[in-house]
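[1] Here is my input, please return the structure:
(chains A and B)
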Amino acid sequence: MTNYILEMRSITKRFPGVLALDNVTMHVERGEIHAICGENGAGKSTLMKVLSGVWPAGSYEGEIVYEGEVLSFKNIRESEEKGIVIIHQELALSPYMSIAENIFLGNEVKGRTGLIDWNETDKEAALLMARVGLKEKPNTRIMDIGVGKQQLVEIAKALSKRVKLLILDEPTAALNDEDSEHLLALLRHLKQQGITCIMISHKLNEIASIADTTTIIRDGRTIESLDMSDGNVDQERIIKGMVGRDMTHRFPAHASHIGEEILRVENWTAHHPNDHTRVVVDKVNITARKGEIVGLAGIMGAGRTEFARSLFGHSWGTNISGKVYINGKEANVGTISNAIRSGLAYATEDRKRFGLNLLEDVKRNISLASLQDFVKHGLVDDNEEYRIASEYRTSMNIKSPSVLSITGQLSGGNQQKVVLSKWINVKPEVLILDEPTRGIDVGAKYEIYQIIQRLADEGKAIIVISSELPELLGICDRIYAIAEGRITGEATREEATPELLMTYMTQEKGKH
Amino acid sequence: MSEPVVSEAATQNKFRRALKGVDLRQNGIFLALIALVVFFAVTTPNAASITPDNFSNLVVQNGYILVLAIGMVMVIIAGHIDLSVGSLAAFIGAVAGIFVVRPLEQEGWGWLPQMPWWLGIIAAIGVGALVGMWQGYWVAYIGIPAFIVTLAGMLLFRGMALMTLQNTNIGPFDTGFRAIGNGFLDRDNALGNAIGLPDLNATALVVTAVGILAFLYTQFSTRRGRIKYQQPVEPRTWFFVKLAALCAMMAYVGIQLSRANGIPFTLILLVILIVAYSIVMKSTTWGRHIYAIGGNLNAAILSGINVRKVNFWLFVNMGSLAALSGILITARMNSAVPKAGDGFELDAISSVFIGGAAVTGGVGTVVGSMIGGMIQGVLANGMNLLSVGIDKQMAIKGLILLFAVAFDVWSKKRK
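    Residues are numbered from 1 along each chain as shown, chains lettered A, B, ... in the order given. The predicted structure is shown next:
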């Protein structure tokens, strides 16, 4: 008989009007790495919240059997006492506290007096940090280390709670390739120590390389559990399960109709806002033409976003210099409203922090950047706003009950469509999209690509910034590579290969 | 046999459907206000809380807090706070005294020509706007948190009120000035006497009727517009029930006021401000930008909103409204006193939060804050009539604020 550490039997969870989980059943073997895949909104996170006690027993139907006993957690603390620890996508660390303080936050090492024993804390922390391969001092502040290391602190924290079942929600979403590799290696290492791991991820190549079993969830139901150990399951197979259709084509076919040049940026240079001498964007020259989708490839920290934001109304950086021509005329992009007026639009990489007012409805988010266009006799015409927003809701396929729904309640893919609608409605000539598909499921990605292509066909120039090379290769007509703030190479659709772009992207200064 | 059961289920269903489009949270606070009025009507001796004179008092006594709350809700929606408004109201009261009464000529104000009362009011509001520019400059352009700037302002303007008044009071003011705080429209009931209605203030009845008609007209035309654009609207039955109830209440207030001295000028001023600022917050780009800034500052910046400008004018607006409030206080007391408006900033802030605004910004309405202010006003007035001591009154006021916000948090969590 198989040794299951966890069995979830017929879990059903309802929210008002929504069936979030529908009779979900899954089995996790002791000591395996078990991946959970599914589109956004499929119910992965809800399932993990049920497991970890965020949704207490009684608020769902079905049973959870863990280590042979039926569980009924009232809160997270109870699940942690049993050795089930969940690490959320947004890390729960206090930035001003040290690594050691964070590891033992809520679980402090107390001496006989009842006061915190700081020597013991540091000693224990150092041991845990060694276990996860974190080479820092225990008293370093969280804000001073990178996201990759912060993730390791979270795992060290889990280890301090004597974790048996570790749940990671999108652990590598915010990590670069090197940090991701390190994290995956650590998970393999923990597996050898007998820790069972459940990992939610959108990164299918990672799942293919690390998971022993993959459970696919779709529309709140478990579709299938795939045994990954024999190596017969590839990414296409997982995608097929997730979207319920064979998706050999992850990118929609598209024939570009490229016209004359719309955008020309010459010698664009920007310095770091806190360090006026540090060049972050270094004499960048790019062009984009009507109907063209231009890619901007670069590893994290290469200056992609910094370039885009400094161009968009000087919204990042200091000592900005260089010239921007739109349709042959020099454009003033000194403030964001001028940049928008000149025909630029920029959709940010971080929707929640920079893109949307999550408290407001879809309608008001869509109209925000073009509010002036809705003004009649000095007042914003609410009805007209509703009409236009509803049109976008239909044409962009935004899945919400109406445009009066609160944006914070939509899924990531639908929020991204709201951001796109907002910027399309300022009727830009050039639309810069920064990581337009980050954190979005496969099905919604496909739709976003179609929207991008449609916009290009309407005669706009589109600049796509992305960390995912396959994405750029799949949808762009031309790709620039950026490294250390400089454009290090350019390739057309026909020339571009992952290897070529990677060579450009890793080119260091003075070595070309 | 089974027929009645079916029809009962159907009625229940219909009732639930009728309630579906109704915003219970928004309406809940209004119902709480009604419940409070009914409670005091029942408990106060001889229903003293709903006598015509008391109605009149209620409006006039709370007018200056409500004026402050209008500016405050806007400041709070944008994610700021203003602690200086009470002190500023006192300072402007003093300034108005200098402008209009000028008892301190010998102390160096002799160069200033005495102004007619109406010009004095305009000039004093202008000074309030200037003070608002001062605060707005520090908040918007230097980037100092409003809490700090206005905490400093609270001390600064109180000090300036004391300096201006040189530790005395200024008064009395002339009738024109006092009318804005104490006066009534057609107090002598000239209209009523002319048409043979000496016991009821006919002007008040006419104004109420016109007000109700205007209200109905806007409600119907808004609804028609929304239906034309296929926007969701409140269920028909609920819409009519709500309109009937609101009109009945307005009529009741109007009749009560007509049995007293007529409609106070303060009420007219308030209604104009409430309507105007509701429109500002709902339908002007400035108002919408205020919500956007409070909801997500970064997203607002990246949408091309000139956040500094919006914030600057927000404080200019608050300064002007605080000045107006100071004038109302001064007019009502017929004297500019250094201690005027003490603690009013806290009453205004409480009104806003009881009225459903979020501490983190981005959420709130002018009308909600007005209801929040009225809840406090009715409560204080009712407790006075019941001879509840000031000690208990303060404690109850504190608890009401706490429970109102707790209810808000709780109802959001349940969602």
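[2] Tell me where the chain is predicted with low confidence.
    No chain specified, so I'll use chain A. Scanning chain A with the threshold set as pLDDT under 70 gives A:1-2, A:16-18, A:40-41, A:243-249, A:300, A:508-512.
[3] could you do chain B instead?
    The model of chain B has pLDDT under 70 over residues B:1-26, B:104-107, B:413-415.
[4] Not counting sequence-adjacent ones, nearest residue to the residue positioned nearest the centre of it?
    Nearest to the geometric centre of chain B sits residue B:66, at 2.6 Å (Cα atoms, centre = their mean). The shortest distance from residue B:66 to any non-neighbouring residue, by Cβ to Cβ, 6 or more residues apart in numbering or on different chains, is to residue B:373 (4.7 Å). Bear in mind the C-beta positions are built from the backbone N, C-alpha and C, glycine included.
[5] so how many other residues sit close to the one you found?
    Close neighbours of residue B:373, defined as other Cβ atoms under 10 Å in any protein chain shown, add up to 28.
[6] Work out for me the element it sits within.
    Per DSSP states H and E: residue B:373 is located in helix B:366-385.
[7] Quick check: buried residues in the helix or strand that that helix is followed by?
    Downstream of helix B:366-385, the next assigned helix or strand under DSSP H and E is helix B:390-414. Within helix B:390-414, the residues scored as buried using 16 or more other Cβ atoms under 10 Å in any protein chain shown are B:393, B:397, B:400-401, B:404-405, B:407-408.
[8] Briefly note if helix B:390-414 comes near chain A.
    No: under the criterion of Cβ under 8 Å from any Cβ of the partner chain, chain A is not reached by helix B:390-414; the shortest gap measures 9.8 Å.
[9] How about residues contacting that helix?
    B:25, B:28-29, B:350, B:353-354, B:356, B:359, B:372, B:375-376, B:379-380, B:383-384, B:388 (Cβ atoms under 8 Å, 6 or more residues apart in numbering or on different chains).
[10] Contacts only, for the residue nearest to residue B:66.
    Neighbour list for residue B:373: B:62, B:65-66, B:69, B:347-348, B:351, B:354-355 [criterion: Cβ under 8 Å, 6+ apart].
[11] And the residue of chain B closest to chain A?
    Relative to chain A, the nearest point of chain B is residue B:295 (3.5 Å; Cβ to the nearest Cβ).
[12] Quick check, that residue in contact with residue A:365.
    No: counting by Cβ atoms under 8 Å, residue B:295 does not reach residue A:365; the two are 9.2 Å apart.
[13] Need the overlap of contacts for those two.
    Overlap of the contact sets of residue B:295 and residue A:365 (by Cβ under 8 Å, 6+ apart) consists of residue A:357.
[14] ok, back up a step: the residue nearest to the centre of chain B against residue B:270, yeah?
    Yes: counting by Cβ under 8 Å, residue B:66 touches residue B:270, with 5.8 Å between them.
[15] Just among the contacts of helix B:390-414, which is most surrounded?
    Counting neighbours by other Cβ under 10 Å, residue B:372 comes out on top of these with 31 neighbours.
[16] Wait, residue B:331 touches residue B:175, no?
    No: contact criterion Cβ under 8 Å: residue B:331 and residue B:175 do not qualify, at 10.2 Å.
[17] okay, the two: which has more neighbours?
    Taking neighbours as other Cβ under 10 Å, residue B:331 and residue B:175 compare with residue B:331 leading, 26 against 10.
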